[in-house]
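*Asks:* got a sequence here, can you model it:
(chains A and B)
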Amino acid sequence: MGVIAGFVACCLLGRASSQKNIYKNFLRLHPFLEQETSYYPTASQLVAVARAQCPPSAGKTLVILGGNSVFNGSGQKHGELWSRALQEELGDGYQVVNFSAPGAGLVDNGGVIFECLAREYPQALFVTNTEPGYYPAGNRSAYSYLFWDAYYKGLLPSDARREKRLANEKATPGSQELKLGRRMNSVLYYNDLWTDVSYRYVSTVWTSWLKERSFRPRRRLSDWYDKRPPVVAEESEFQQMLPGHLEALRHRHALSTERYQQNGVGAWVQTEESLRQDEAQIADLLPEPLPHRSLVVFTPYNPWFLAHLTDAERTRVELGFSNGSLLLEKAGYHVLSTFDRGFVPEDFGDTVHLSPAGGRRLAHLVAESIRSMTEPNQVALAR
Amino acid sequence: MIFTSYWFFAFAAILFPLYWLLPWGRARLGLLLVGCAIFHGHFAGAAGVIPIVVLAVATYLAGRSGRSSWCIATITLCVASLGIYKYSPFFVGSAVGLFDPQLAARCALWIRQVLPTTPPLAISFFTFEFVHYLYDVRKGRMRITSPVDFALFTIFFPSLVAGPIKRCGDFLPALHRGVAAVATADVAIGLSRVAIGFAKKVLISDNLAAVINYYAPHFTQHSLGTRWLLFAAIAFRILLDFSGYSDIAIGLARMFGITLPENFRWPYLASSLQEFWQRWHISLSTWIRDYIYIPLGGSRHGVGRKIANGFIVFALCGLWHGAAWNFIVWGVFHGAGLAICGNYRLLLGGAGAQIGAFFDRFQPLSWALTTGYVWLGWLLFFYPLPQAYKMAVSLLSR
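*Replies:* Coordinates of the predicted model:
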């Protein structure tokens, strides 16, 4: 009886943990608060963060950020974080909550939380970033655990198209195990309890990021980037990075030769096949009508590295940005393409990640786009 | 790890309450068999189940017949299956590769095309249990007539993944006592044991594994203190991983009311290698003693034969852990240790007796030597020989 009572008590504690905001002063999912260090905040816990930072009664427009390490502000310290600059640009009428994470796809984390809150916050906006050609659905990416967590807890709005797609998707043993775990968590709330205990009292997993600090409560660990050397946006640094980063850049979707071909007059065009694939993937991102409340930002590449590409490669990058914008706009998304929007090498820490100055430039551009979504007439007048 | 998968939690959450709530012993027996079959089918898949079913049917029929020649033929079949599934790529690479690497590569490719990518789940455990049964049938010690009993002896899921290796003479009476009535005390004891096993495995061993994986590649570059800490971490990682698994298995069986034999008894407290093997993976060491060492002649034919048998047995013990040279070297290392430890008093005459008396008097020294030897063995177990040697030497140099 004692075992059963203890088990039920743990489930109830987990459920309670899922409904309150345990992350005081939350600014972003820095490495100690996400899966890179074996820490998996649940969908309900992130929903609670958004609710706490922007109570429905406050009358503010909730702006949920998703996207990858560029939006996560990789390399930027707390005070330099681009999303803080965005909050300042937007002012008190908006509340920015940054759920982007390294390696995340377009609708991971932030996109899931946006879906969860879309009905409760009818004015909420979703702002995310990606690069051309990379549009994985929430259940197909590195952070799919969060999608399934929200899905099985019944936090996502019902969508017949998505249900049909999920039913038809071939399950791997790994995905079955992940889904089963999240389905069980939606009843027993053990993940919610574990993340709460790890955050407040003691963590149970050793990770190479934290080493001897691995077992400390995560709340006691300051943002990883705060203790890192500042981002140095200098040509000498870029020169050192050049071989490895240029190679990595060439492997990005935007440049991939598999996605492009030369037409009869020798001009580069995107293949019909890859256009169809992109279109199909984009259709799976968010259910209607949420694309109309979403802004996708194609974040820039460092022009210093772009200058080291061949003309053909640069043409493919440009084509990727323009085709991606067209496809997303066709699907109802607002799009901000930052290609040729004045970013200079000093705005970057490497090929794609932004320095504090680049973050401020990005925040300004994104704020303009957000205002144009919420106050289209005023923006037009101001122009 | 099978026992830490969500599937297993869901499976156990359904199976155990059903088992406890069923009022009839025969129904519990049937449910247990169905549960074990589902477990084996899920984790082994068709490619893993079919060979085991074939071997089990052959073993059951040979056992029922009671005929010595059938038992020997089936033992050969079981051992050959283990050899083919688990060891053929290794033997081809090692034997053929010595003379003709290209031919070895072609053979390895052919083996990969013919055999499944991984051997059938727990084929080593199945083989050892079948061999034990057939050997004992042949000696007239037992014979299982009930196919249900035999099937449960074969695929009893708690011990299927990592032992303990069962003996049917102990297991079947325990099984029938368990299914007849499950005491609340058994469930409580089993649950506590499972909890201890999970704590050992998940909280300690898995974290130690992460630490070792991170630091060990640069073992010799760390400070002397860190090297020794890592050395201890390697030793405790394998102990806690393995004994944690055994605790979970013993605890799960106990929750069915079935008592399985102990597999680990504080092995790092042993003050001699013989004692270590009486405390470490007991079901394996006693199996090897009863079914390889004694049939080979054991210690009955003089010191030379005893030492040779020890080497053979421990080389096979190493090979049982995995199809690679480092496991064989680890086994031979223990064979050598036991040859010295078990015979020096006899071989060195008066001096040997004096050394023995000295170690008997200074037990902490015997313990330190034994522990050091066993822990050095783990370097051979986990790493290629040159790397293990470098690591061992670096423990004694600044």
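
*Asks:* could you double-check that residue B:130 lies in contact with residue B:59?
*Replies:* Yes. Applying Cβ atoms under 8 Å, one finds residue B:130 in contact with residue B:59, separated by 4.4 Å. Where you see a C-beta, it was placed from the backbone N, CA and C, and this is true even at glycine.

*Asks:* tell me, what's touching these two both at once?
*Replies:* B:74, B:78, B:154 (Cβ atoms under 8 Å, 6 or more residues apart in numbering or on different chains).

*Asks:* and after the helix or strand containing residue A:164, which helix or strand comes next?
*Replies:* Take DSSP states H and E as the rule and residue A:164 turns out to sit in helix A:160-168. Downstream of helix A:160-168, the next assigned helix or strand under DSSP H and E is helix A:173-188.

*Asks:* report how many residues lie close to residue B:383.
*Replies:* Residue B:383 is flanked by 18 other residues according to other Cβ atoms under 10 Å in any protein chain shown.

*Asks:* how about the residues of the stretch 201-350 of chain A by chain B?
*Replies:* A:204, A:205, A:206, A:207, A:208, A:214 (Cβ under 8 Å from any Cβ of the partner chain).

*Asks:* at 6 Å what do you get?
*Replies:* By Cβ under 6 Å from any Cβ of the partner chain, the residues of the stretch 201-350 of chain A that approach chain B are A:204, A:206, A:208.

*Asks:* what's the neighbour count on residue B:78?
*Replies:* 24.

*Asks:* over to residue A:230?
*Replies:* 13.

*Asks:* tell me the secondary structure for it?
*Replies:* Secondary structure assignment for residue A:230 (DSSP: H, G, I helix; E, B strand; the rest coil): coil.

*Asks:* any idea how far residue A:150 is from residue A:100?
*Replies:* Using Cβ to Cβ, to the nearest Å, we find residue A:100 at a distance of 17 Å from residue A:150.

*Asks:* just to revisit the earlier point, and which of the shared contacts of residue B:130 and residue B:59 is nearest to residue A:290?
*Replies:* residue B:154 (54.1 Å; Cβ to Cβ).

*Asks:* could you pull up phi and psi at the closest one?
*Replies:* Main-chain torsions, residue B:154, degrees, to the nearest 10: phi -70, psi -50.

*Asks:* so what's it closest to, chain neighbours aside?
*Replies:* residue B:56 (4.8 Å; Cβ to Cβ, 6 or more residues apart in numbering or on different chains).

*Asks:* could you check how far that neighbour is from residue B:158?
*Replies:* Counting by Cβ to Cβ - residue B:56 and residue B:158 are separated by 18 Å.

*Asks:* how about residue A:295, secondary structure?
*Replies:* Using three-state DSSP, the three-state assignment for residue A:295 comes out as strand.

*Asks:* and the strands in chain A?
*Replies:* Assigned by DSSP state E, chain A shows strands spanning A:61-65, A:94-98, A:125-130, A:260-262, A:268-270, A:294-298, A:334-337.

*Asks:* which residues are in contact with the closest residue to chain A within the stretch 151-300 of chain B?
*Replies:* The minimum distance from the stretch 151-300 of chain B to chain A, using Cβ to the nearest Cβ, falls at residue B:207 (4.1 Å). Counting by Cβ atoms under 6 Å, 6 or more residues apart in numbering or on different chains, residue B:207 touches residue A:206.

*Asks:* before we move on, back to that, can you name the next helix or strand after the helix or strand encompassing the residue nearest to residue B:154?
*Replies:* Assigned by DSSP H and E, residue B:56 belongs to helix B:25-65. Per DSSP H and E, the first helix or strand lying C-terminal to helix B:25-65 is helix B:68-82.

*Asks:* for that following helix, buried residues please.
*Replies:* Applying a neighbour-count criterion of 16 or more other Cβ atoms under 10 Å in any protein chain shown, one finds B:70, B:71, B:74, B:75, B:77, B:78, B:81, B:82 buried in helix B:68-82.

*Asks:* the fifth one - nearest residue in space that isn't next to it in sequence?
*Replies:* Just to be clear, that refers to residue B:77. Residue B:77 sits nearest to residue B:58 (Cβ to Cβ, 6+ apart), 6.0 Å away.

*Asks:* ditto for the first one
*Replies:* Once flanking residues are discounted, residue B:70 sits nearest to residue B:62: 4.1 Å by Cβ to Cβ, 6+ apart.

*Asks:* where does the stretch 201-350 of chain B have low pLDDT?
*Replies:* Across the stretch 201-350 of chain B, no stretch falls below the confidence threshold (pLDDT under 70).

*Asks:* if we use 90, what do you get?
*Replies:* Applying pLDDT under 90 to the stretch 201-350 of chain B flags the ranges B:297-306, B:320, B:322-325, B:342-350.

*Asks:* with the stretch 51-200 of chain A instead?
*Replies:* A:57-59, A:75, A:78-79, A:131-133, A:137-142, A:169-175.

*Asks:* distance of the residue in it positioned nearest to chain B from residue A:194?
*Replies:* Residue nearest to chain B within the stretch 51-200 of chain A: residue A:181 (4.0 Å; Cβ to the nearest Cβ). Distance of residue A:181 to residue A:194, computed by Cβ to Cβ: 12 Å.

*Asks:* do the same with residue A:98
*Replies:* Distance from residue A:98 to residue A:194, by Cβ to Cβ: 23 Å.
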